[in-house]
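Just to be clear, the model below is a prediction. Sequence and coordinates:
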Amino acid sequence: MKEDGNTKAEGEETIMGDILVIGIAGGSGSGKTTLTNQIAAQLQESVTVIKHDDYYKPHDEMTYEERCRLNYDHPNAFDTELMIEHLKLLRQGKTVECPVYDYTIHNRSKDTAIINPGQVIIVEGILIFENKELCDLMDIRIFVDTDADLRIIRRIQRDVMERARSLDSVISQYLHTVKPMHEQFVEPSKKNANIIVPEGGYNQVAMEMIRNHILNHLGK
């Protein structure tokens with residue numbers, strides 16, 4: 001990877017001051033992806049998005065059936081250290097090679113994605129506010145707060161229609177891991193947010209406020 005021209009002491013991080021890092025967290029099905037996509041669509045090339053889901057740990061050593069039984073809603077399911085490393089590089093204006101997760105096989109894809117730094121970097125995920133080091137890299141932390149009944153309905157629709165899951169498997173996963181992990185880790189992490197947005201991308205008033213703040217940062 002090509003290094004930039006900045007000179008720094010060993011271990012010292014050089015951060016480009018004009019890059020704004022926004023964390024968007026919330027429970028599964030809360031609407032955080034909708035909020036992220038709306039911001040990205042409106043600001044286009046100014047925005048870079050990295051998703052915590054792409055940093056699920058690989059489990060090539062397991063069978064598909066074994067991977068199906070893993071708890072994907074616990075902090076230990078993620079390679080958060082790699083995400084932190086990549087976010088630091090992006091904040092320095094450097095390109096990273098991000099893993100790509102394949103939900104249909106419950107494992108990382110063999111593909112990777114080249115992520116270039118934008119003036120705004122959005123970090124999205126259910127547990128991104130649970131890790132203090134990751135939190136400290138964000139300038140703004142937004143928690144999308146949505147009723148649990150609505151979240152499970154959205155999750156069922158998404159996983160069955162987009163991720164080729166059966167209805168029974170989605171409900172079982174929700175009851176055994178998603179719900180208890182939300183209560184143990186996701187909900188408590190809300191205290192680390194600067195802004196709490198009900199309904200995520202469906203909240204147009206909040207969306208407009210966030211958009212205006214970003215545009216102000218970009219000088220537009």
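Arrived safely. Here the structure is a predicted model, which means the values were calculated and not measured.

Give me the residue ranges of this protein where confidence is low.
For the chain, the stretches with pLDDT under 70 are 1-17, 200-201, 220.

What segments of it are helices?
Applying DSSP state H to the chain gives helices spanning 32-43, 64-68, 80-91, 132-135, 148-162, 167-173, 179-181, 204-218.

Please identify the buried residues of the lengthiest strand in the chain?
Assignment by DSSP state E gives strand 107-115 as the longest strand of the chain. Using 16 or more other CB atoms under 10 Å as the test for burial, strand 107-115 gives 107-108, 115. Every C-beta, even on glycine, is put in place using the N, C-alpha and C of the backbone.

How about stretch 139-147?
140-146.

Chain neighbours aside, what residue packs nearest to residue 103?
residue 163 (4.3 Å; CB to CB, 6 or more residues apart in numbering).

if we can go back for a sec, mind listing residues that contact the longest strand of the chain?
Under the contact criterion CB atoms under 8 Å, 6 or more residues apart in numbering, strand 107-115 has outside partners 48, 50, 54, 56, 58-60, 67, 86, 90, 95-102.

Any chance of a markdown table for the helices of the chain, columns distance to residue 74 and mean neighbour count?
Converted to a markdown table, the helices of the chain look like this (distance: least, CB to CB, whole Å; neighbours: other CB atoms under 10 Å):
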| stretch | distance to residue 74 | mean neighbour count |
| --- | --- | --- |
| helix 32-43 | 19 | 19 |
| helix 64-68 | 14 | 12 |
| helix 80-91 | 11 | 18 |
| helix 132-135 | 16 | 14 |
| helix 148-162 | 17 | 15 |
| helix 167-173 | 13 | 14 |
| helix 179-181 | 6 | 17 |
| helix 204-218 | 29 | 14 |
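
Serialize those helices to CSV and add fields for distance to residue 26.
Putting those into CSV (distance: least, CB to CB, whole Å) gives the following:
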stretch, distance to residue 26
helix 32-43, 4
helix 64-68, 25
helix 80-91, 17
helix 132-135, 14
helix 148-162, 9
helix 167-173, 18
helix 179-181, 13
helix 204-218, 12
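
Fine by me, thanks again.
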